[in-house]
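1. Sharing a model prediction with you, sequence too.
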Amino acid sequence: MIEPRVLSGFRDFLPREMMQRQSLMETARRVYQSFGFAPIDTPTLEYLDILLGKGSAETDRQMYHFIDNGGRPVGMRFDLTVPLARYVAQHINQLGTPFKRYHIAPVWRGERQQRGRYREFVQCDFDTIGTRSLMADLEMILVINELLMALGFQRFCIRINHRKLLNGMLAQKGLEQHSVGVLRAIDKLGKPGIDVLAELIQVGLPESVARDILQLGQQQGDPAGVLELAERCVGDHPVGREGVADLRELLKSAVAAGVPAERLVLDISIARGLDYYTGTIVETQLLDLPEIGSVCSGGRYDNLAGLYTKQDLPGVGASLGLDRLLAAMEELGLVADQSSPAQILLAFFEPQLQLEYLRLARQLRSVGLNVEFYPEPAKLKKQLKYADQRKIPAVILIGSQEWEQQQAAVKWLDREVQNTVPLTADGRSICDYFQQAFLSTKS
RNA sequence: GUGGGUGUAGCUCAGUUGGUUAGAGCGCCAGAUUGUGAUUCUGGAUGUCGGGGGUUCGAGUCCCCUCUCCCACCCCA
């Protein structure tokens, strides 16, 4: 016998988890579409040269790739942004700009699995291509805020940074060649037992600059204070000033557009990330489970499509990490326990009424209700237990007594009530009854 | 990819310095007179003790290898 198992970092989903995933995806779709983002899809496999060298050496190393049966080097997509760049470069003439799309699909990364980190996971991306307007950056923040709220979260924060801030600061001192090392060091700010200052100096920064950066990083709570300090640090360097001005504008408009100010955190330590980001950078953290990492990240990349076309196609967008979010919700006890999409179980009571049951089930389904007919005339106890275990809320019981009186007993398992509903040939009354019942439980 | 830890019934775990037929709770299944779940009572099934090799008269308990998951690094959703 072959032992049934799945690859490390890959997972099966039970109905309960899958229903939750679908509901999260549906919410993301709804929110994205409410801002006018259009759905697209791209192949899971791309020519390897399309995918390589777009993120960093590290992302290349983590990519799944192989030679296909025709001898072509192909890769499995590592994220949805690089395929998007290829996609717009190829189709921008038909799409027109600005082009707003969303894309919900799995991606693959060959890295070691940890909690909330898998080798196959679904990203829910949304991006705006073809405009440099800061309005698009702002919209990214607004979408993230709406999205998290629609998913049922109140306690989260959106950490915002700008690539030009640190770059400008370093350039001002002629230290831009150290930016990678600085980012790596600064990223460790929250972690215990690490002397970030020492690391910064070791990277090659003069102590005074290192102190400034450290101070900037430690003030992440208060946007106004950080901005003021940042302004001093970047001096009169044009790139740095641009970063400061963008951030100031972004924060102001986000609050004006309705994002609670306490959710917006300026944090220069999130300046790491994929190499293609050039401006605004955001990460989203759940305050009740910060250690699981960002559940929604993104930023502005002004030169991504430039690898595939001479057209100037700047972009800005972010990605919700569906599987990481689900892992967080699981841990926080926020996952619904229903494991069946059925709203109603029609009990199989009397074998001679079989055809009547089938007709009733069809009538109920025709008005949009999810109805499951138990496949065999088992003991009532067993059928009720079946519904209870799957959290199917209602059970219809029609035995010979009910049938003679042309009525149905409706038992609600989540409450302790059992109603009697009249049966008619067209099923109208019982359909109305359930539509009414499910309408009121939803609101 | 590197380093550390972990792995006993579906789940959470117990299992004395290696010694006979490996346990608990929960869950699951079946019953408690004929048509009612989640509560109660009674009974029942379940594990090649992650897998492979070794040491030993004898290993769930010791050693090696491998896989898994967790944690850290790296990186990131």
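-> Nice, I can see it.

2. drop to CA atoms for contacts and neighbour counts, all remaining ones
-> Fine.

3. what domains does the record give for chain A?
-> A:15-331, A:344-442 (automatic domain parsing).

4. quick one: the first one to chain centroid distance?
-> Spelled out, that is domain A:15-331. With CA atoms, centre = their mean, to the nearest Å as the basis, domain A:15-331 stands 13 Å off its chain's centre.

5. about what we covered before: so can I have TSV of the domains of chain A showing mean neighbour count and mean pLDDT?
-> Output for the domains of chain A, formatted as TSV (neighbours: other CA atoms under 10 Å; pLDDT from 0 to 100):
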stretch	mean neighbour count	mean pLDDT
domain A:15-331	18	89
domain A:344-442	16	93
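
6. is it possible to export those domains to JSON lines including distance to residue A:7?
-> Below are the domains of chain A laid out as JSON lines (distance: least, CA to CA, whole Å):
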{"stretch": "domain A:15-331", "distance to residue A:7": "9"}
{"stretch": "domain A:344-442", "distance to residue A:7": "29"}
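
7. now the ones you listed as JSON lines including distance to RNA strand B?
-> Below are the domains of chain A laid out as JSON lines (distance: least, CA to the nearest atom of the strand, whole Å):
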{"stretch": "domain A:15-331", "distance to RNA strand B": "3"}
{"stretch": "domain A:344-442", "distance to RNA strand B": "3"}
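
8. Looking at these, which is nearest to residue A:9?
-> Of all the domains of chain A, domain A:15-331 sits nearest to residue A:9, with 4.6 Å by CA to CA.

9. Which parts of the stretch 201-350 of chain A are helices?
-> Ranges of helices in the stretch 201-350 of chain A, per DSSP state H, counting those that start in this stretch, are A:207-218, A:223-234, A:238-256, A:322-331.

10. picking up where we left off before, do you know which of the domains of chain A lies nearest residue A:3?
-> Here domain A:15-331 is closest among those (CA to CA), at 21.2 Å.

11. Provide a list of residues in contact with the most centrally placed residue in chain A.
-> Centroid-nearest residue in chain A, with CA atoms, centre = their mean: residue A:320, separated by 2.4 Å. Neighbouring residues of residue A:320 by CA atoms under 8 Å, 6 or more residues apart in numbering: A:123, A:124, A:125, A:295, A:296, A:297.

12. State the three-state secondary structure for the second one.
-> Just to be clear, that refers to residue A:124. Under DSSP: H, G, I helix; E, B strand; the rest coil, the three-state class of residue A:124 is strand.

13. Pretty sure it sits against residue A:28.
-> Yes: the pair residue A:124 / residue A:28 is scored as a contact, 7.2 Å apart, by CA atoms under 8 Å.

14. For the closest residue to residue A:257 other than its chain neighbours, give its distance to residue A:264.
-> Closest residue to residue A:257 apart from its sequence neighbours, by CA to CA, 6 or more residues apart in numbering: residue A:142 at 7.8 Å. Distance of residue A:142 to residue A:264, given as CA to CA, to the nearest Å: 11 Å.

15. With residue A:182 instead?
-> Counting by CA to CA - residue A:182 and residue A:264 are separated by 24 Å.

16. give the contact list for residue A:89.
-> By CA under 8 Å, 6+ apart, the residues touching residue A:89 are A:305, A:308, A:309, A:311.

17. before we move on, the earlier item: farthest pair in the contacts of residue A:320?
-> Taking CA to CA, no two of the contacts of residue A:320 sit farther apart than A:125 and A:295, at 11.8 Å.

18. who's the residue nearest to the residue nearest to the centre of chain A when sequence neighbours are not counted bridged to?
-> Excluding the flanking residues, the one nearest residue A:320 by CA to CA, 6+ apart is residue A:296, at 4.2 Å. Residue A:296 has the following beta-bridge partners by DSSP bridges: residue A:284, residue A:320.
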